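Engineer: 3D model of this:
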Amino acid sequence: MPKPSKKAKQAFWERGYLAHGYWVGKERLGQVKLGPKKEWDGIYRWQAGNHSGEAATLEEAKNAVEQVVLVGASQLPLFRDAETRK
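Structural biologist: The predicted structure follows:
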């Protein structure tokens, strides 16, 4: 009997209250936030890992989050090697 194959988890967007989250399983990779309803200035603010920015449209903000996640959002450990050599 063949074993069931494991599917690779695929990232997806989920809409929330005044925000959209980019998820893989139960781990949030990034998000796009809107301002409060009556005070919103029309700018979408996004964040993924150590990177953040602003965009004029929701599509641009989502694309920015996806690009950061694709490239890798974590900062390189520049000083860790220097400390271990001491």
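
Engineer: In space, what's closest to the spatially most central residue of the chain - neighbours in sequence excluded?
Structural biologist: Central residue check for the chain by C-alpha atoms, centre = their mean: the C-alpha nearest the mean position is that of residue 30, 1.9 Å away. Residue nearest to residue 30 in three dimensions, not counting chain neighbours: residue 48, with 3.2 Å by C-beta to C-beta, 6 or more residues apart in numbering. For every residue, glycine as well, the C-beta is placed using N, CA and C.

Engineer: That neighbour and residue 7, how far apart?
Structural biologist: Look at residue 48 and residue 7: by C-beta to C-beta, to the nearest Å, they are 24 Å apart.

Engineer: quick one, which of these two is more surrounded?
Structural biologist: Set residue 48 next to residue 7 and count neighbours by other C-beta atoms under 10 Å: residue 48 wins out with 22 against 6.

Engineer: which strand residues sit across from that one in the sheet?
Structural biologist: Residue 48 forms beta bridges with residue 30, residue 51, as assigned by DSSP bridges.

Engineer: if we can go back for a sec, check contacts around the residue nearest to the centre of the chain.
Structural biologist: Contacts for residue 30 (C-beta atoms under 8 Å, 6 or more residues apart in numbering) come out as 21-22, 46-49, 65-66, 68-69, 73.
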